[in-house]
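Student: Pasting the sequence and the predicted coordinates here, then a few questions.
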Amino acid sequence: MNKVRGRALNANTQNTNNFSMWIEPLSHKQYPVTNVHNPTPNAVVTSNGSRDTINAQPGLLYNNVRLDVSGSVNPTKWTNGQTINTVFLAGNDPSFNQTDASNVGISSGRVASYVYTPRSNNSKIIVEYDALYEIVGFNGDTYNSFMYVNDTSGGNQIAKKLQKFASQVGGGTRSSTIFPIMGAYTNSGLTDLTFNIMLTSSSQDGDGLGQGDPIKFYRTTFDSCMKVTEISL
C-alpha cells in the first residue's frame, strides 16, 4: 500500500509541475498579440488592465498613462489648441527669402517671405517676424508694415503695424514700430502658403520724394527671424 500511495503522490506532483509549466507563462509572461479586436491601420494597442481584454483604438483611452517612444511620433489627428508644427527661421536660413537691403535700403516693397506647407487642413497658423532695421535721414516719415498670405497687397492681410515720426528735426516716433509683427491665418487646406512681409511708406519731411527715407534691414543669423506655429482647431 505504501508503494501504491507513493506512486500516487508522485503522479500528483508531476501533474502539478506539468500544469505549472504551461499555466505560469500564460498568467505571468508577455506574449505577442496575434488577434486584436477591431484592429485599425494606425492603432495604439491598449488594455483595460487584464490580459483577457485587448482593444485597438486610435489613441490612449485611460488616465495617467505614460507612453515611452524610442522612435518618432507622426500623428494625423490633434486636439483643439494642440501644437501641430513649429518652424523657426534665422536671418541667414536659405529657405527664408529676405530682401538684401543692408546697403542701400528700401522705402517700400517686400521685406521677407516664407513658403509653409500645412500639416493639417483644419488649423490656425501663427506667423511672427522681427528684424533689426535702421532708418536713414530725418524728420516726419510714416511707415506701415503688413503681413499677407499668398499676396503682396490688397488681399489676405493678416497683420498691420504703423511707425510715424514727428515732423521736425530730431522728432521721435509717435506710434508703435513696424516690427516685430505677428498675424494668424485660419487654414483649411494642405497646399503651400506664402507669408509675405511688406513695407510701405509716405513722406512728410518735405523732401519731395513722395515716400519715406530708406530703411536698412540686416539679415545675419541674429538680426532677423521668423517663427511659424501651426495649431489645431
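Tutor: Looks like it arrived, so ask away.
Student: Touching, residue 106 and residue 213? I think so.
Tutor: No: because the distance of 10.4 Å does not satisfy CB atoms under 8 Å, residue 106 is recorded as not touching residue 213. Just so you know, the C-beta spots here come from the backbone N, C-alpha and C atoms, and that holds for glycine as well.
Student: what's the burial count for residue 154?
Tutor: The local packing count at residue 154 equals 7, with neighbours defined by other CB atoms under 10 Å.
Student: my bad, should have said residue 85
Tutor: Residue 85: 16 surrounding residues under other CB under 10 Å.
Student: what helix or strand does it sit in?
Tutor: Using DSSP states H and E, residue 85 sits within strand 83-90.
Student: partners of whichever helix or strand comes after that strand, with directions?
Tutor: Stepping forward along the backbone from strand 83-90, the first helix or strand reached (DSSP H and E) is strand 97-98. Here strand 97-98 has these sheet partners by DSSP bridges: strand 109-116 (antiparallel).
Student: what ranges do the helices span in this protein?
Tutor: Taking DSSP state H as the test, the helices found in the chain are 2-28.
Student: domains of it?
Tutor: 2-57, 83-232 (automatic domain parsing).
Student: ok, of those, where does mean pLDDT dip lowest?
Tutor: Within these, the least confident segment by mean pLDDT turns out to be domain 2-57, at a mean of 53.
Student: Please enumerate the strands of the protein.
Tutor: In order along the chain, the chain carries the following strands (DSSP state E): 44-47, 54-57, 83-90, 97-98, 109-116, 123-131, 133-135, 142-149, 157-164, 181-187, 193-202, 215-217, 224-232.
Student: who does residue 124 bridge with?
Tutor: As for beta bridges, residue 124 partners with residue 186, residue 231 under DSSP bridges.
Student: quick one: contacts for it?
Tutor: Residue 124 sits next to 184, 185, 186, 187, 230, 231, 233 when contact means CB atoms under 8 Å, 6 or more residues apart in numbering.
Student: Distance check, it against residue 86.
Tutor: With the distance defined as CB to CB, to the nearest Å, residue 124 ends up 13 Å from residue 86.
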